[in-house]
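J.: need the 3D shape of this:
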Amino acid sequence: MKILLISQMYPGPEDPDLGVFVRGLEEQLVARGNDVERAVLDHRGGGKRRYLALARDTIAVTRRFKPDVAYAHFLVPTGLIAALGVRAPLVVTAHGQDVANVGSIPGIRAATRLVARRAAAIVAVSDYLRRQLETKVPEARGKTEVIDCGVDLERFSVTPAPEGGPHFLCVGSLIERKNVVRLARAFARLGEGTLTFAGGGSLRTQLQGIRGVGLAGVVTYDRIPALIAASHVVCQPSLIEPFGQAALEAMASGRSVVGTSVGGHPEFVPPDAGVLVDPTDEDALVDALRTTAAMPCPNPAARPAAEAHDVRRQAERVEAVLARAVRDRRA
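T.: All right, here's what the predicted structure looks like:
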């Protein structure tokens with residue numbers, strides 16, 4: 001198939017970690033013999049004008065490439081650009097914030113409904129997100145499938161436990177949704193081991209000075225496997241997590257996880273691979289840290305659970321959705 005990939009997030013020289021999950025799926029689609037051209041934004045910043053540039057690029061690539069199908073990541077604005085600028089059948093993946101924006105930002109609901117009507121199929125990265133989308137956008141009902149972006153099982157491999165500990169790791173932005181302050185308080189109450197935050201954000205100052213807490217700052221994606229290998233447990237107790245890529249990558253590395261009960265984690269974290277908590281319950285979070293620290297490392301249940309989400313398998317499933325969209329249009 002000739003696939004036009006359209007995304008507002010894609011790795012570039014200035015932002016090599018931007019949308020790495022999009023590139024991972026693209027690489028596997030190419031490995032399966034598909035011809036993929038892209039119209040993407042590969043850096044942050046630039047305001048709304050950058051979406052005009054993306055729209056112009058989408059139209060130009062479409063005219064030159066003549067794709068069989070358009071595959072857009074994020075409902076709005078990327079899916080809207082594809083819906084208005086590409087005549088080929090359209091498949092769109094919803095990732096989370098694009099669904100959260102429906103009803104909270106003026107005009108997004110109408111734009112998302114237009115995209116849903118135009119799309120041959122919609123992919124949601126979790127069943128939790130599918131339910132949210134179909135509740136907000138009736139046009140998505142009956143055409144939404146659940147396929148996450150998967151994990152590269154070669155990049156994230158099982159490694160021996162580090163010495164000492166317990167060593168906890170949290171990968172993600174230091175923002176309220178990621179629940180990092182409550183996690184730090186729970187760790188302080190646990191009173192043992194270390195907790196490393198890998199990421200930047202506005203809450204950094206509230207984490208400074210807590211005994212045992214380390215702030216690694218923003219790290220490149222290439223460093224994540226080593227950070228996981230240096231930990232016993234990876235924590236992602238977000239207030240809401242539409243899927244939970246960091247938890248999946250940790251499990252692929254044989255690590256137990258502390259996850260959230262709100263979002264996608266319950267769909268792939270079994271009880272013997274981690275503990276899911278009410279993210280607002282600090283007492284439960286303390287207990288979860290204690291429980292996961294006592295789990296074996298590497299955790300023999302974690303890797304098998306992650307293997308069901310191999311990025312190669314997920315790309316195969318996405319390819320089937322794209323191929324169906326092409327067949328239905330030709331029929």
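
J.: contacts and neighbour counts: CA atoms only from here.
T.: OK.

J.: wait, doesn't residue 20 sit right on residue 10?
T.: Yes: using C-alpha atoms under 8 Å, residue 20 is in contact with residue 10, at 6.4 Å.

J.: how about the contacts made by the nearest residue to residue 248 once chain neighbours are set aside?
T.: In space, and not counting its chain neighbours, residue 248 is closest to residue 306: 6.1 Å by C-alpha to C-alpha, 6 or more residues apart in numbering. Under the criterion of C-alpha atoms under 8 Å, 6 or more residues apart in numbering, the contact list for residue 306 reads 151, 248, 249, 251, 252, 268.

J.: name the nearest of the residues you listed relative to residue 132.
T.: residue 268 (18.1 Å; C-alpha to C-alpha).

J.: pretty sure residue 38 sits in a helix.
T.: No: assigned with DSSP: H, G, I helix; E, B strand; the rest coil, residue 38 falls outside any helix and is strand.

J.: show me the helices in the stretch 201-331 of the chain, by range?
T.: 204-207, 224-229, 245-252, 282-293, 302-307, 311-330 (DSSP state H, counting those that start in this stretch).

J.: which one of those helices lies nearest to residue 66?
T.: helix 311-330 (13.0 Å).

J.: which secondary structure elements does the closest one contact?
T.: For helix 311-330, the elements it packs on are helix 20-31, strand 69-73, strand 90-94, judged by 3 or more C-alpha pairs under 8 Å, 6 or more residues apart in numbering; DSSP states H and E.

J.: send me that helix as CSV with only the CA atoms.
T.: Output in CSV follows, covering the C-alpha atoms of helix 311-330 (Å, rounded to 0.1, in the frame of the first residue of the first chain):
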residue,chain,number,x,y,z
VAL,A,311,5.2,-3.2,18.0
ARG,A,312,5.5,-5.6,15.1
ARG,A,313,2.2,-7.2,16.0
GLN,A,314,0.5,-3.8,16.5
ALA,A,315,1.8,-2.6,13.1
GLU,A,316,0.3,-5.7,11.5
ARG,A,317,-3.0,-4.8,13.1
VAL,A,318,-2.8,-1.2,11.9
GLU,A,319,-1.9,-2.4,8.4
ALA,A,320,-5.1,-4.6,8.4
VAL,A,321,-7.2,-1.6,9.3
LEU,A,322,-5.6,0.5,6.5
ALA,A,323,-6.0,-2.2,4.0
ARG,A,324,-9.7,-2.6,4.8
ALA,A,325,-10.2,1.1,4.3
VAL,A,326,-8.6,0.9,0.9
ARG,A,327,-10.7,-2.2,-0.1
ASP,A,328,-13.9,-0.6,1.1
ARG,A,329,-13.3,2.5,-0.9
ARG,A,330,-12.5,0.5,-4.1
